[in-house]
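Visitor: okay, here's the prediction I keep looking at, along with the sequence it came from:
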Amino acid sequence: MSQLPNPLEHRTADHPILDLFLKRWSPRAMSGETIPDADLMTLFEAARWAPSTYNEQEWRFLYATRDGEHWETFLGLLMEANQAWCKNAAALIVGLSCKTFSRNGKPNPVHTLDCGMAVENLLLQGATMDLVCHAMAGFDRSKARVALNIPDDYDVEVMIAVGRPADTDVLPEDYQEMDQQPSGRKPLSEIVASGPFAF
Ligand SMILES: Cc1cc2nc3c(=O)[nH]c(=O)nc-3n(C[C@H](O)[C@H](O)[C@H](O)COP(=O)(O)O)c2cc1C
């Protein structure tokens, strides 16, 4: 039995930040248990309070729980490589963003950014609740649009797996190692410059 590692024992920040940023990570080992609807709503509530351009709140979230009628539809949207571990999730979420402003119908250049902010809120909230919350781009957007009746003025942005953590041996063998080592980060010098672009 190999327990999921505690990311706080593997990650160090170079400057002082809240532990929460280090604690949030994207493991794959989940137990296959359900989680209460109230916990799911807490995740969405965190997303709800994200900032957005003109307070547009153009994110939308669709979800399926493993014991609900839409589970197979949502699971079937994922690439096989993601299905292999997401089958043990408690919930699967699809994140959308409206591409146009509600005020005037003009294109909103930051709809994806705003949705990303809401998604990060959700992921951080999940970390405080010791849930696995794992964002994914590996799914079929066109299939999602049709299967979930998503209108053309919404972009399909992301899927998120949510579940209770489990020992890594629930994973197919080639995934077990990935969950043993929480990822690191580039140094600030590679991502931050004072003044013009200097990378
Ligand atoms: C938009 C987005 C898409 C991602 N897509 C996938 C995916 O399809 N499958 C997967 O296993 N992980 C996916 N990830 C997880 C990343 O690989 C992970 O966030 C990254 O390696 C950093 O590790 P950490 O989240 O544990 O800190 C995705 C993450 C984001 C933010």
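Guide: Okay, I see it.
Visitor: contacts for the host helix or strand of residue 174 next, please.
Guide: Taking DSSP states H and E as the definition, residue 174 sits inside helix 173-176. When contacts are defined by CB atoms under 8 Å, 6 or more residues apart in numbering, helix 173-176 is touched by residues 2, 28-29, 84-85, 168-169. C-beta coordinates here come from the backbone N, C-alpha and C atoms, glycine included.
Visitor: buried subset of these?
Guide: Among the contacts of helix 173-176, those scoring as buried are 28-29, 85, 168 (criterion: 16 or more other CB atoms under 10 Å).
Visitor: return the member of those nearest to the ligand.
Guide: The ligand lies nearest to residue 28 out of these, by CB to the nearest ligand atom, at 6.3 Å.
Visitor: ok, the closest residue to that closest one other than its chain neighbours - contacts?
Guide: Counting by CB to CB, 6 or more residues apart in numbering, the nearest residue to residue 28 once its immediate chain neighbours are dropped is residue 85, at 4.0 Å. With contacts defined as CB under 8 Å, 6+ apart, residue 85 is in contact with 28-30, 161, 171-172, 175.
Visitor: give me that answer again for 10 Å
Guide: With contact taken as CB atoms under 10 Å, 6 or more residues apart in numbering, residue 85 is in contact with 27-30, 78, 132, 134, 161, 163, 170-172, 175, 178-179.
Visitor: helices - which of these land there?
Guide: With helices taken from DSSP state H, the overlap with the contacts of residue 85 comprises residue 175.
Visitor: do you know how far residue 194 is from residue 66?
Guide: 48 Å (CB to CB, to the nearest Å).
Visitor: in terms of neighbours, single out the busier of the two.
Guide: Counted by other CB atoms under 10 Å, residue 194 and residue 66 do not tie: residue 66 has more neighbours, with 21 against 5.
Visitor: residue of the protein with the smallest distance to the ligand?
Guide: Closest approach between the chain and the ligand, counting by CB to the nearest ligand atom: residue 138, at 2.9 Å.
Visitor: what is the burial count for the nearest residue to that residue once chain neighbours are set aside?
Guide: In space, residue 138 comes closest to residue 79 once its chain neighbours are excluded; the distance is 4.1 Å by CB to CB, 6+ apart. Number of residues near residue 79 (other CB under 10 Å) recorded here: 14.
Visitor: for residue 190, same thing?
Guide: Neighbour count of residue 190, defined by other CB under 10 Å: 9.
Visitor: my guess is it meets residue 199, correct?
Guide: Yes: counting by CB atoms under 10 Å, residue 190 does reach residue 199; the two are 6.7 Å apart.
Visitor: and the closest residue to residue 49 other than its chain neighbours, how many neighbours does it have?
Guide: For residue 49, ignoring the flanking residues on the chain, the nearest one in space by CB to CB, 6+ apart is residue 121 at 6.5 Å. By the measure other CB under 10 Å, the count of residues near residue 121 is 20.
Visitor: and residue 121, what does it touch?
Guide: Listed by CB under 10 Å, 6+ apart, the contact set of residue 121 reads 43-51, 59.
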